[in-house]
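In: Sequence first, predicted coordinates after that:
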Protein chains: 2
Amino acid sequence: ILEACSYHILCFCLQMGWGDLGVFGEPSKETPNLDLMAAQGMLFPNFYTANPLCSPSRAALLTGRLPVRNGFYTTNAHARNAYTPQEIVGGISQDEILLPELLKKKDYVSKIIGKWHLGHRTQYLPLKHGFDEWFGSPNCHFGPYNNSVRPNIPVYNNSEMTGRYYEEFEINVKTGESNLTQIYLKEGLDFISQQAVAQRPFFLYWVPDATHSPVYASERFLGKSQRGRYGDAVMELDGSIGQILAHLVSLGIHNNTLVFFTSDNGAAVMSGPHQSGSNGPFLCGKETTFEGGMREPAIAWWPGRIPAGTVSYQLASVMDLFSTSLSVAGVLPPDDRVIDGLDLSPVLFNNSLLDRPIFYYRGNQMMAVRIGQYKVHYWTWSNSWEEFNTGINFCPGQEVPGVTTHTQEEHTMQPLIFHLGQDPGERYPISVQSEEYRDVHRQVTAVVEQHQKDLIPGMPQLNMCDLAVMNWSPPGCEQLGKCLKPPESNPWKCVWPH
Amino acid sequence: ILEACSYHILCFCLQMGWGDLGVFGEPSKETPNLDLMAAQGMLFPNFYTANPLCSPSRAALLTGRLPVRNGFYTTNAHARNAYTPQEIVGGISQDEILLPELLKKKDYVSKIIGKWHLGHRTQYLPLKHGFDEWFGSPNCHFGPYNNSVRPNIPVYNNSEMTGRYYEEFEINVKTGESNLTQIYLKEGLDFISQQAVAQRPFFLYWVPDATHSPVYASERFLGKSQRGRYGDAVMELDGSIGQILAHLVSLGIHNNTLVFFTSDNGAAVMSGPHQSGSNGPFLCGKETTFEGGMREPAIAWWPGRIPAGTVSYQLASVMDLFSTSLSVAGVLPPDDRVIDGLDLSPVLFNNSLLDRPIFYYRGNQMMAVRIGQYKVHYWTWSNSWEEFNTGINFCPGQEVPGVTTHTQEEHTMQPLIFHLGQDPGERYPISVQSEEYRDVHRQVTAVVEQHQKDLIPGMPQLNMCDLAVMNWSPPGCEQLGKCLKPPESNPWKCVWPH
């Protein structure tokens, strides 16, 4: 007999914005399954990712630790977001302990379906870090590439590639058609069925990338949304999650399954209306430490355990999913390192509210911190004038003087403070003359000092790039006849403009 | 035995924004009663007011006609919003036929509770225009005034004043405390009870003003919201609507009652975070013809008739409430004039979608029109540089180059076109080079030409002002000893800066 929570499913969608769900006010209201999931579960309007960019968020989720601790950051320049393109040399450190490794103690079978993004060189791949199965890609589905200057991204089936995007796995960049979400869905449903039949506890990390540029949807969904192609992709993900939940119910294991839905960073609003979603009423998006960059849609679902139709105002983070998964699996977290994740069990099961700060980092620079309703900005930056003047805008249509700055502005001595309840859009800094300001400043200073005192930065993994490390010859390429010849190694310090 | 829909209740809240409801994504999720009303009824994400300012919206709702037809506009300057402050000379024309006048044909008893705003001189008051009962004020609850330069606003009980704001009816502008919403709620519940007992069909027009600056709430709600005082006011209105619906159920008349909730204009975002709400993902707010100025939260509720938990994408307007009320009451609309309202019965009862445009006016200038998902701007304007430079900003934190213009910009020959499904924030004009642009332009040109061909503007009512017409000596002041001496009449052309 399996214990109460034997199954964990994390649906971690790529750069879906807070405002992309009907339940969070998307005007087209095209996410009936996610809205129903919220009606049957718990909605988190104050849920955050650990970084406004994909790779560090994922590393934080799977380690329960801030990127600055787990090494998913760069020191090449001040306050820059870094990630894992094909030319990245680094990846998840051997010293980090990932959630699936820990769940093994209770015999969980773990599978990742979709984008990994924690390093694509052999030693960094999922099956080397606790996952038992994998179907998906190590990097973003950018492309198509010509395979001489840049290889197309491989798709792995477990530890060997089974093809490449734009080759065996089609994505039509013109029409936006691709069957990938359906493939990922089938992989997910099959995995669930197999474990349920075998009565093995499982952890499914379902990480589809349809909402990441180039956005795609399968034929059945293309053109169906009022929101264009991005909306089509959202509808297909919504439908897939609906099928996953229905599958759990049909297998009769829904009362033993914790399902969590969230996203890795805010909507990529710089990509315009066709390739990006909505951050609702929040400021800016992906790449920034404004609310639009890091506040995420989030829903927890566990029929019979999590009270239906509840809203939790808990300040929560993707890193909490690490701690919460361990807790409900009955596994102790590592005690030899700082874990930033919080066990949300009291929140999920008793709607408790736990006091905790949220830290907003860009690279290894803490840009801002939230305590209670207050957000305190020590540094502000959208993107550089240089980039902005070429038309790249991280806050299209939004401009708050002195806040959405195009130079990195330090406010350490006199931070900008916002009340997010009254001013979710971060438009009206609280007067530095007010008692409210002084009170918050005093409280937050203590929190930040404590945080910084304990902080031991990890070895930065995202500093070096090299064309030779790209996906030229992934494991398994020989059998497929798909090995490509890498260029000479010529490493350089990666340039991170944001 | 009364017919199917014998009771109509319109809750018309003041300048609540589209984004102020939990169901429309307000992050604090503090409107459980309205969210439940939506879950039991039909939600309208594409619902519009007829003008981005209060008085003209109300006149449009009660006449079913655009302000440019019913006279609620000014010709003193180009494209200006006008309303009914105390010094206004005009009001609702005797030639206009109001909804309660028509409902009399079926013996409806009509009551308005709250702000009237269709003119405060004796001939313009509600009981002269079809209402049987009134409790509330003719103008905004601005003040306190000193009663020598400006009189405090009277509160009427039917055709006579029963006191004044800041005198008999307290509003503490410092603390934000006032019991007015509770008074209005009690008036509403009592009216409903009386008509239900007497089995008389009724129309209740419930128009509380707690969310209009100066925002207020009663002691029980003050400080309760995560959103500050404005949120307190919203919570109290939400609670009141919950009580009204519960009262209908307890009287057993909910299956005979159509209740509609909406708002008169977008959130007054120029008033900062303490006195204004949220327009969610939309651009700008009150006073503007961007979505934030005119798209409104809207919910229809009629258990047993309107299917529960439905979303209608119908483009709808406050003027439709006129036509729909008449339709469900079995009254024919006037046939001697153009009615802009649409009978929403097929939408409410069969979730049909009716083709119709939405016109966005500022004064007598059609600034924009929506057909389907497309919005076409012929004129753009936020507010003047002169005002903007004094710190008055109708789009705080938002700026879309060439769109949120501070001069009145004409685009008649080459209008700005947005796809609101893909771009609800009106940030990305569709390329004039595209086929999509040409198609939409052609379609909309036909619609606009038809509209303008049929348009007979009403006599403008909002041109003249005079201090002598202010609320110095409203009917009933003698008995109360509250008559004030008016100054000499000295009319002038009102100045409408917006």
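Out: Cool, the structure landed. All values reported here derive from a predicted model rather than from experimental measurement. Numbers count the residues shown, from 1 in each chain, chains lettered A, B, ... in the order given.
In: only C-alpha atoms for contact and neighbour calcs from this point on.
Out: Fine.
In: So which residues on the stretch 301-450 of chain A come close to chain B?
Out: The stretch 301-450 of chain A comes close to chain B at residues A:311, A:313, A:373, A:396-401, A:421-424, A:427-428, as judged by C-alpha under 8 Å from any C-alpha of the partner chain.
In: can we see that at 10 Å?
Out: With the criterion set to C-alpha under 10 Å from any C-alpha of the partner chain, the stretch 301-450 of chain A comes near chain B through A:311-313, A:373, A:395-401, A:403-404, A:419-428.
In: And for the stretch 101-250 of chain A?
Out: For the stretch 101-250 of chain A, the residues in contact with chain B (C-alpha under 10 Å from any C-alpha) are A:225, A:226, A:227, A:228, A:229, A:230, A:231.
In: residue contacts, the third one?
Out: The neighbours of residue A:227, taking C-alpha atoms under 10 Å, 6 or more residues apart in numbering or on different chains as the test, are A:26-28, A:30, A:233-235, A:273-274, A:277, B:373, B:419-424.
In: before we move on, what SS does the one residue in the stretch 201-350 of chain A that gets nearest to chain B have?
Out: The nearest approach of the stretch 201-350 of chain A to chain B comes at residue A:227, 4.2 Å away (C-alpha to the nearest C-alpha). When classified by DSSP: H, G, I helix; E, B strand; the rest coil, residue A:227 comes out as coil.
In: What segments of the stretch 251-400 of chain A are strands?
Out: Counting by DSSP state E, counting those that start in this stretch, the stretch 251-400 of chain A has strands at residues A:257-263, A:295-296, A:299-301, A:310-311, A:316-317, A:358-362, A:365-371, A:374-377, A:379-380.
In: Highest mean neighbour count out of these?
Out: Most buried of the strands of the stretch 251-400 of chain A, by mean neighbour count (mean count of other C-alpha atoms under 10 Å in any protein chain shown): strand A:295-296, with a mean of 32.
In: just how off-centre is that one within its chain?
Out: Its chain's C-alpha centre and that of strand A:295-296 lie 10 Å apart, by C-alpha atoms, centre = their mean, to the nearest Å.
In: List the strands paired with it, with their directions.
Out: With DSSP bridges as the test, strand A:295-296 is paired with strand A:47-48 (antiparallel).
In: can I get the CA coordinates of the one helix or strand residue A:241 maps to in CSV?
Out: Residue A:241 is located in helix A:229-251, with elements delineated by DSSP states H and E. Output in CSV follows, covering the C-alpha atoms of helix A:229-251 (Å, rounded to 0.1, in the frame of the first residue of the first chain):
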residue,chain,number,x,y,z
ARG,A,229,-0.5,31.8,-31.8
TYR,A,230,0.7,32.3,-28.2
GLY,A,231,-2.9,31.7,-27.1
ASP,A,232,-3.1,28.6,-29.2
ALA,A,233,-0.1,27.2,-27.3
VAL,A,234,-1.6,28.2,-24.0
MET,A,235,-4.8,26.4,-24.9
GLU,A,236,-3.0,23.3,-25.8
LEU,A,237,-1.1,23.3,-22.5
ASP,A,238,-4.3,23.9,-20.7
GLY,A,239,-5.9,21.1,-22.4
SER,A,240,-3.0,18.8,-21.7
ILE,A,241,-3.1,19.6,-18.0
GLY,A,242,-6.8,18.9,-18.1
GLN,A,243,-6.0,15.5,-19.6
ILE,A,244,-3.3,14.7,-17.0
LEU,A,245,-5.7,15.5,-14.1
ALA,A,246,-8.5,13.5,-15.7
HIS,A,247,-6.0,10.6,-16.2
LEU,A,248,-5.2,10.6,-12.5
VAL,A,249,-8.9,10.5,-11.7
SER,A,250,-9.5,7.7,-14.1
LEU,A,251,-6.7,5.7,-12.6
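In: Please consider this matter closed, and thank you.
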